[in-house]
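J.: With the input below, show me the fold.
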Amino acid sequence: MSRTRAASLAAVVAAAALVLAACGGGGGGSEDASEGGVYADCATSPNTCNSAPADQLQQGGTVTVAAEKNIDNWNVISSEGNVDWTAMMTKPLLPYAFYTSPELKSTLNSDLLTSAEVTSDNPFTVTYKIKPEAVWNDGTPISADDFVMNWKWQNGRDCPDCETAGNGGYDLVTSVVGSDGGKTVTATFSKPYTDWQSLFGSSNPLYPAHIGAQQGDLNTPAGQAAAFTYFGSTTPNWTGGPFQVQSWENNVALTLVPNPKWYGATKPKLDQLIFRVITDATQEPIALQNNEVQVLFPQPQVDLVSQLQQIPNVSQFQNQGLTWEHYDFNLQNKFLADKALRQALFTAVNRQEIIDKTVGQFNKDIKPLNNHMFIPQQEGYQDNITATGQGSGDIEAAKKILTDAGYTGVGTALVAPDGQAVPALRMRYTTGNAVRQNECELFAGYAKQLGVNIEISTTDSLGDTTSSGDYDVIVFGWIQSPYAFGGAQQLWLSNSGSNYGKYQNPAMDQLINEAASSTDAADATAKLNQADEMLSADAYVLPLYQKPTLAAVQNNIGNVRNNSSLDGISYNTSEWGIKASS
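T.: Presented below is the predicted three-dimensional model:
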């Protein structure tokens, strides 16, 4: 494969057009949002929505963001720390090679790197050039050592005890070598990797190897595991980003202040950036109205959207991007290990009714999602769900699946073919999320018609609940990167830490891995859809819909934008500030 071909393939698989469904705020749709409403430039230019030049921002001040989850593990590379709000709250601290812009395109982090490119096709090689001035806040250069530790955590060989969220692509890297005093990093692969830009990116960022080395010998698996655990359990006193931690009060607030060693082009204007933990979404509009917070990035709900429309001098905007809602089964439950029961339950689910009774009440553009690998705005999206009957709400078809499989008591009290009564299934959702509460209640109603009882409970630690498998059924959302092939490896491979329900399918694993190393975009896309057809038929996860993301911002705050990707709202905090005219 030629270098030009590699670059063009990466561009094809990374591209995802953003469709904005703006929602009016508390001023009735003022175009300049001076009294609330919709920012007029958000639909056409999501990368510059709500822009304010640096010379129009005050020097100083505090901006507080409502964070919907506590931080239970500081290592976002870990399966437990792989939580949206942990990533957003630590993003101002962590350096990375690429991030996802609000246009949902892979973008070089030019604060850290001068370049990152494929420099050889045989063997497939990627070279990263780190800026000479890039340092951790103790003055230690950000270097190849940090890349090496990141790679060893995730390659599946050097740290078998590192429970990572996924290792897609890292397992193909045979070496990571530094030169030029550690400022040039050369990663060599055993085979081409389609989504190479996802490696060392914002979803699996760099941690300081020189601090990791203080926990143990990084040339040993035990030393790597000790560093991995340390970064998960320790509040950072280090940073390689524009801010550093001033204080952390568990379940209360993370307070950040500017990093005096920040090497990036844009120096923070704010004196403080605070993430205040508010796990009850119903309290977020109240906090915004009382000026306890100035920025919300909530999961949109009917009542919340309506409340925000009544708050003066606040604008809100919705996007449909890389986030999607889904029901998951835990296949470690011996009853759910039976495919027939899973297929029947998902066939009984009526996705359109779920949408109509939840998110469809404030966003009429939302439709059922019919693919696990691609969203509708990405090349490769095709409907692999409808033909299975899942999500159709066809109760009679669901009952027939059970009867044909040898179940009795269908529709009353379900009994498995071996004569055991199917027990009540434990279904969980995140605390304070009214949409997900409704989704659980609707699922319970569908299951009841098949003779299955559902016990619903909440969790205030999604990462702990999923990583420990403390559920039978769960509803939550995946926030994908634009890298469909690497993302599939993280979510669906049998050995991935993000495969929380322990689905095993070697044939699907092979297709996903072949797609990730294909040199042909059409072939890679076809293989990923074949894998999706297998996944769909096995009824492990049922996609519900592409989730809207919502940002609500006081009108005196500049450069805060809705980024419907893994990077979220905090992707550009060094640019945030209070408008000088305020």
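J.: going forward, measure contacts and count neighbours with C-alpha atoms only.
T.: Noted.
J.: got any ranges where the stretch 1-150 of the chain has weak pLDDT?
T.: 1-44 (pLDDT under 70).
J.: how about the strands of it, start to end?
T.: 19-20, 62-67, 98-100, 106-108, 113-121, 124-130 (DSSP state E, counting those that start in this stretch).
J.: Tell me which of these lies nearest to residue 326.
T.: Of all the strands of the stretch 1-150 of the chain, it is strand 19-20 that lies closest to residue 326, at 20.6 Å by CA to CA.
J.: For the closest residue to residue 160 other than its chain neighbours, give me phi and psi.
T.: Spatially, and ignoring its direct neighbours in sequence, residue 160 is nearest to residue 221 (7.1 Å; CA to CA, 6 or more residues apart in numbering). Main-chain dihedrals, residue 221, degrees, to the nearest 10: phi -60, psi -40.
J.: now residue 221: how far from residue 132?
T.: To residue 132, residue 221 is 30 Å away according to CA to CA, to the nearest Å.
J.: Could you state which residue of this protein sits nearest its centroid?
T.: In the chain, the C-alpha nearest the mean C-alpha coordinate belongs to residue 479, at 3.0 Å (CA atoms, centre = their mean).
J.: So what sits opposite that one in the bridge?
T.: Assessed by DSSP bridges, residue 479 has beta-bridge partners residue 323.
J.: That one contacts residue 566, doesn't it?
T.: Yes - when contacts are counted by CA atoms under 8 Å, residue 479 is listed as touching residue 566 (5.3 Å).
J.: Mutual contacts of those two, please.
T.: 84, 322 (CA atoms under 8 Å, 6 or more residues apart in numbering).
J.: hmm, back to that, to residue 335, which of the strands of the stretch 1-150 of the chain lies closest?
T.: strand 62-67 (36.5 Å).
J.: who does that closest one touch, helix- and strand-wise?
T.: Where contact means 3 or more CA pairs under 8 Å, 6 or more residues apart in numbering; DSSP states H and E, strand 62-67 is packed against strand 272-277, strand 295-296.
J.: one more time with 10 Å, if that's ok
T.: Other elements packing on strand 62-67 under the criterion 3 or more CA pairs under 10 Å, 6 or more residues apart in numbering; DSSP states H and E are helix 84-90, strand 253-258, strand 272-277, helix 284-289, strand 295-296, strand 577-578.
J.: Can you say which of those is nearest to residue 398?
T.: helix 84-90 (34.3 Å).
J.: what's near enough to touch the residue of the chain most remote from its centre?
T.: Here the centre of the chain is the reference, and by CA atoms, centre = their mean the most remote residue is residue 419, at 41.2 Å. Residue 419 sits next to 406-408 when contact means CA atoms under 10 Å, 6 or more residues apart in numbering.
J.: who wins for neighbours among these?
T.: When neighbours are taken as other CA atoms under 10 Å, the top entry among these is residue 407 (22 neighbours).
J.: And that residue, how far from residue 340?
T.: 9 Å.
J.: any low-confidence regions in the chain?
T.: Looking at the chain by pLDDT under 70, you get 1-44, 582.
J.: Apply 50 and report the result again.
T.: For the chain, the stretches with pLDDT under 50 are 1-40.
J.: Could you pull out the buried residues of the biggest helix by length in it?
T.: Looking across the chain with DSSP state H, the single longest helix is helix 521-537. Neighbour-count burial for helix 521-537, counted by 16 or more other CA atoms under 10 Å, picks out 521-522, 524-525, 527-533, 535-537.
J.: What of stretch 371-384?
T.: Neighbour-count burial for stretch 371-384 [16+ other CA under 10 Å]: 371-376, 378-384.
J.: from the residues you listed, which single one is nearest residue 215?
T.: Looking at those and their distance to residue 215, the nearest is residue 373, at 38.0 Å (CA to CA).
J.: doesn't that closest one fall inside a strand?
T.: No - going by DSSP: H, G, I helix; E, B strand; the rest coil, the assignment for residue 373 is coil, not a strand.
J.: dump the residue contacts of it.
T.: Taking CA under 10 Å, 6+ apart as the criterion, residue 373 is in contact with 380-382, 480, 483-485, 487-488, 491-492, 525, 528-529, 531-532.
J.: Residue 89 too?
T.: Taking CA under 10 Å, 6+ apart, one finds 65, 67, 69-71, 74, 254-256, 273-276, 568-571 in contact with residue 89.
J.: again, only this time at 8 Å
T.: Applying CA under 8 Å, 6+ apart to residue 89 gives the contacts 254, 275, 570.
J.: Just the buried ones from the residues you listed, in PyMOL syntax?
T.: Remark: buried members of the contacts of residue 89, expressed as a PyMOL selection using 16+ other CA under 10 Å:
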select buried, resi 254+275+570
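J.: what about residue 547, helix or strand, and which?
T.: strand 541-554 (DSSP states H and E).
J.: next SSE after that strand?
T.: Sequence order places strand 557-558 as the next helix or strand after strand 541-554, per DSSP H and E.
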